[in-house]
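Visitor: just to be clear, the model below is a prediction. Sequence and coordinates:
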Amino acid sequence: MVQKAERVVAPQSHPLGQRHGDKNGTPAGGTRAGRPVGNVTRGTTNPNRMRRVDRWLTGPQAWRLRAAADPLAVDLGYGASPATAVELFDRLSRIRPDVRVVGVEIEPERVRLAKELERPGLSFQLGGFELPVPGRPVLVRAFNVLRQYEEADVAAIWRLVQGRLAPDGIFIDGTCDEIGRRVTWVALDAERPLSLSLSMRFGSFALPSDVAERLPKALIHRNVPGERIRDFLQAMDRAWLEAAPLAAFGNRQRWTAMCRALRDGGWPVMDGAARWRLGELTVGWEAVAPHQGP
């Protein structure tokens, strides 16, 4: 059974899309003034499901946490099990031992159960997109959350979360399959979307465009002729097929050749071979952004 996408619920104390909070990052509402912003969603998750995005956050994006005056991170909508929030805390602690990770969930029973796992640096809080946490987070990760909302709500939700970020903070809006083999995410700073990342386990796809069913909400309905994301996925497929002779040397070599061909062809592919060998590719948002949308 497929759950129908929902329109986001925004109480009057939090007009959706309005930046809010005082200069110290204290939210203007949330659990302190009215109900959280958002809807209760399915909450299905699995341990280690976020390993690919977490590897990116603790790799090329680790500088943000290292440089942060307040190393605060939020796992937004962690779901029925707090496993991914606990994993995020463990992984970020290797970068900043003094990191504070707050798991934020809109369903009270999930928060009650998760509190049994609290420890110094890891806590759980009832809330939604308003992020009712003290301070401004340098990292917000929301995975398989916006996918369950309407596309029309995405831009406003993005703005709401962006308005809570610390300087040099980053917001990750992503989607993955049930066990984290096919993963995509959009990275945003306080002002704009920065990039789209795709990360797949070798052997889990025939063509790179197989990841299309796991695109973030802002893009999943745009994989149609005339849209940039469609052009990019088709370019990936062509480069992958042209690199077929390298399959004898392994899929890492073939994927790396594909990434290099895309960059040489003018696509704004970021990072380099060290990331590509992981089955990962990050491209500038301007190359895949919808013609009308976020």
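Guide: That came through, no problem. Keep in mind it's a predicted model, so treat the numbers as computed, not measured. Residues are numbered from 1 along each chain as shown.

Visitor: show me where the stretch 151-294 of the chain has its helices.
Guide: Shown for the stretch 151-294 of the chain, the helices assigned by DSSP state H, counting those that start in this stretch span residues 154-162, 217-220, 228-242, 251-264, 273-276.

Visitor: so for the last one, mean pLDDT?
Guide: The average of the pLDDT scores along helix 273-276 is 98.

Visitor: the third one now?
Guide: With pLDDT averaged residue by residue, helix 228-242 scores 98.

Visitor: and the direction of it versus that of helix 251-264, what angle?
Guide: For the pair helix 228-242 and helix 251-264, the angle between their directions (axes from the mean of the first three to the mean of the last three C-alpha atoms, to 10 degrees) equals 130 degrees.

Visitor: list the buried residues of helix 228-242.
Guide: 228-230, 232-233, 235-240 (16 or more other C-beta atoms under 10 Å). Bear in mind the C-beta positions are built from the backbone N, C-alpha and C, glycine included.

Visitor: could you dump the residues you listed to CSV with distance to Pro290?
Guide: Below are those laid out as CSV (distance: C-beta to C-beta, whole Å):
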residue, distance to Pro290
Arg228, 7
Ile229, 7
Arg230, 11
Phe232, 12
Leu233, 14
Ala235, 17
Met236, 18
Asp237, 20
Arg238, 22
Ala239, 23
Trp240, 24
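
Visitor: ok, of these, which one's closest to Val211?
Guide: Checking the buried residues of helix 228-242 against Val211 by C-beta to C-beta gives Leu233 as the nearest, at 7.9 Å.

Visitor: wait, isn't that closest one in contact with Arg214?
Guide: No. Between Leu233 and Arg214 there is no contact under C-beta atoms under 8 Å: 11.8 Å.

Visitor: and the gap between Pro108 and Gln253?
Guide: Between Pro108 and Gln253 the distance, using C-beta to C-beta, to the nearest Å, works out to 50 Å.

Visitor: for these two, work out which one has more neighbours and name it.
Guide: The neighbour count for Pro108 versus Gln253, taken as other C-beta atoms under 10 Å, is higher for Gln253 (16 against 11).

Visitor: how many other residues sit next to Ala177?
Guide: If you look again at residue 177, you'll see it is Asp, not Ala. In terms of burial, Asp177 registers 17 neighbours under the definition other C-beta under 10 Å.

Visitor: what's the average pLDDT for stretch 256-270?
Guide: Here stretch 256-270 scores 98 as its mean pLDDT.

Visitor: which residues make contact with it from outside it?
Guide: Residues external to stretch 256-270 that are found in contact with it (C-beta atoms under 8 Å, 6 or more residues apart in numbering): 195, 208, 232, 235-236, 239-240, 242-243, 246, 273, 276-277, 281-284, 286-287.

Visitor: which parts of the stretch 51-200 of the chain are strands?
Guide: Per DSSP state E, counting those that start in this stretch, the stretch 51-200 of the chain carries strands over the ranges 72-76, 100-105, 122-126, 139-143, 170-176, 182-188, 193-200.

Visitor: just the residues contacting the first one, thanks.
Guide: Contacting residues not belonging to strand 72-76 are listed as 65, 84-85, 88, 92, 99-104, 129, 131, 133, 135-142, 145, 161, 166 [C-beta under 8 Å, 6+ apart].

Visitor: can we see that at 6 Å?
Guide: For strand 72-76, contacts defined as C-beta atoms under 6 Å, 6 or more residues apart in numbering pick out 85, 88, 92, 100-104, 135, 137, 139-142.

Visitor: ok, the fourth one next?
Guide: Residues lying outside strand 139-143 but in contact with it, judged by C-beta under 6 Å, 6+ apart, are 50, 73-77, 161, 170-174.

Visitor: restricting to C-alpha, output that strand in CSV.
Guide: Taking Å, rounded to 0.1, in the frame of the first residue of the first chain, the C-alpha atoms of strand 139-143 are listed here in CSV:
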residue,chain,number,x,y,z
LEU,A,139,23.8,20.2,10.2
VAL,A,140,20.2,19.1,9.7
ARG,A,141,19.6,15.7,8.0
ALA,A,142,16.1,14.9,6.9
PHE,A,143,15.9,11.6,5.1
